[in-house]
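In: Output the structure for:
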Amino acid sequence: MQSNEALLLKLIQSVRLFGGFSQDEARLFLSASQFEQHPAGKRLLTEGEDGSELYVLLSGQVSVRRFGGVSEHELARLGPGETFGELSLVDFGWRSASVEALEEVRVLVFKRASLSRLPALETKLYRNLAILLASRLRETDARLTELVEQAADQDAFQKLAETTHRNAYLG
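Out: Below is the predicted model:
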């Protein structure tokens, strides 16, 4: 079995949220957090609800889903070392998506109220959150560009089909 120090080092290296944290800082963050375990199928976050917690996925896999008018659509699948729920921690807003466990998961839960107990970590934590959110924004921009290009291709195909159809009746 790994020692606590070895586990702590593994967390620092594998969780982007802990980037630049010393062992003492990571230990402090962990002491202000709770460990939870949830079964497959459990909804951890629900879109639209108020939120004040950030989750670090320690094991298992979750699906991030958003309601699209008629049904929910999967936006992403997250695995160990990834975080979710961070937007509500930063902007005090509602949950922008739902998160459901695809298999049994273990998570680390950090509540916004704990920030007041960790003033020394606040700057690093917010910096790392900004880096995470910037990365997700870049991924979203790339996906959006792909969707716009697909829509343009479909529009061009539709216009070609209409022209071909019209020409078939004229000729």
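
In: Residue ranges in this protein under the pLDDT threshold?
Out: Along the chain, the parts satisfying pLDDT under 70 run over 1-3, 156-157, 159-171.

In: Can you check which helix is longest in it?
Out: helix 119-170 (DSSP state H).

In: For that helix, which helices and strands make contact with it?
Out: Contacts defined by 3 or more Cβ pairs under 8 Å, 6 or more residues apart in numbering; DSSP states H and E place helix 119-170 against helix 23-31, helix 86-91. Where you see a C-beta, it was placed from the backbone N, CA and C, and this is true even at glycine.

In: got a list of contacts for the first one?
Out: With Cβ atoms under 8 Å, 6 or more residues apart in numbering as the test, helix 23-31 has contacts from 5, 8-9, 11-12, 18, 21, 108, 110, 118, 120-121, 124-125.

In: Determine which stretch of the helices and strands packed on helix 119-170 is the most buried.
Out: Per-stretch averages of neighbours, counted by mean count of other Cβ atoms under 10 Å, single out helix 86-91 among the helices and strands packed on helix 119-170, with a mean of 18.

In: show me what contacts Asp91?
Out: With Cβ under 8 Å, 6+ apart, Asp91 has no contacts at all.

In: State the distance from it to Gly51.
Out: 10 Å (Cβ to Cβ, to the nearest Å).

In: my guess is Gly85 meets Glu47, correct?
Out: No: with contact defined as Cβ atoms under 8 Å, Gly85 does not count as touching Glu47 (11.7 Å).

In: so what's in contact with the two at the same time?
Out: Jointly contacting Gly85 and Glu47 under the rule Cβ under 8 Å, 6+ apart are Arg95.

In: So those two - more neighbours on which side?
Out: Using other Cβ atoms under 10 Å as the criterion, Gly85 and Glu47 rank with Gly85 on top: 21 against 16.

In: what sits up against stretch 136-153?
Out: With Cβ under 8 Å, 6+ apart as the test, stretch 136-153 has no contacts from any other residue.

In: then it to PDB, C-alphas only?
Out: Only the C-alpha atoms of stretch 136-153 are listed here, as PDB (Å, rounded to 0.1, in the frame of the first residue of the first chain):
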ATOM      1  CA  ARG A 136     -12.400  24.300 -21.500                       C
ATOM      2  CA  LEU A 137     -13.300  27.500 -23.300                       C
ATOM      3  CA  ARG A 138     -10.700  26.700 -26.000                       C
ATOM      4  CA  GLU A 139     -12.200  23.200 -26.400                       C
ATOM      5  CA  THR A 140     -15.700  24.700 -26.700                       C
ATOM      6  CA  ASP A 141     -14.500  27.200 -29.300                       C
ATOM      7  CA  ALA A 142     -13.000  24.300 -31.400                       C
ATOM      8  CA  ARG A 143     -16.200  22.300 -31.100                       C
ATOM      9  CA  LEU A 144     -18.300  25.300 -32.000                       C
ATOM     10  CA  THR A 145     -16.200  26.000 -35.100                       C
ATOM     11  CA  GLU A 146     -16.700  22.300 -36.200                       C
ATOM     12  CA  LEU A 147     -20.400  22.700 -35.800                       C
ATOM     13  CA  VAL A 148     -20.500  25.900 -37.700                       C
ATOM     14  CA  GLU A 149     -18.500  24.300 -40.500                       C
ATOM     15  CA  GLN A 150     -20.800  21.300 -40.600                       C
ATOM     16  CA  ALA A 151     -23.900  23.600 -40.700                       C
ATOM     17  CA  ALA A 152     -22.300  25.500 -43.600                       C
ATOM     18  CA  ASP A 153     -21.600  22.300 -45.500                       C
END
